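Chemist: structure for the following, please:
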Amino acid sequence: QVQVVESGGDLVQPGGSLRLSCVASGSIFSIDVMGWYRQAPGKPRELVATITSGGRTNYMNSVKGRFTISRDNAKNTVYLQMNSLQPEDTAVYYCNADVQTDDSGRYYRYWGQGTQVTVSS
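Modeler: Numbering: from 1, shown residues only. Sure, this is the predicted structure:
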């Protein structure tokens with residue numbers, strides 16, 4: 001079993017900052033890509049940022065220059081530093097991890113339950 005748990009969501013004013021954290025735990029042999037997605041009310045879930053085990057990152061255009069994804073491989077943890085937050089960043093933020101639970105070479109994607117980020121004055 002693998003668990004993925006996000007934390008750090010909150011209510012913040014426009015222009016403010018938040019740092020989200022996500023920890024994967026359980027029967028983990030290795031983790032490849034970890035990522036952050038978000039879903040606003042009435043909208044589909046969208047990719048925010050991803051990071052490989054080697055540190056290669058990818059961002060959606062609207063967050064480039066404002067958000068930074070990072071990870072601590074030893075702790076199976078990924079972070080999302082969000083600066084210059086705007087109301088349109090309001091959403092539930094989900095973390096996922098592509099986990100190998102044994103040495104079979106197969107990876108499975110696990111999702112967290114989400115953490116709410118609300119940007120409002």
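Chemist: tell me how far the residue positioned nearest the centre of the chain lies from residue 17.
Modeler: For the chain, residue 36 is the residue whose C-alpha lies nearest the centre (Cα atoms, centre = their mean; 2.7 Å). According to Cβ to Cβ, to the nearest Å, residue 36 stands 15 Å off from residue 17. C-beta here means a position set from N, CA and C on the backbone, and glycine is covered the same way.
Chemist: on that earlier part again, ignoring the adjacent residues along the chain, who's closest to the residue nearest to the centre of the chain?
Modeler: Of all residues not flanking residue 36 in the chain, residue 48 sits nearest, at 4.3 Å (Cβ to Cβ, 6 or more residues apart in numbering).
Chemist: and what of residue 68?
Modeler: residue 81 (4.4 Å).
Chemist: secondary structure element holding the one you found?
Modeler: strand 77-82 (DSSP states H and E).
Chemist: re the thing from before, residues in contact with the residue nearest to residue 36?
Modeler: 35, 36, 37, 38, 59, 60, 63, 67, 69, 80, 93 (Cβ atoms under 8 Å, 6 or more residues apart in numbering).
Chemist: about what we covered before: which outside residues touch the strand holding residue 81?
Modeler: 17-24, 34-36, 48-49, 51, 63, 66-72, 89, 93, 95, 97, 117.
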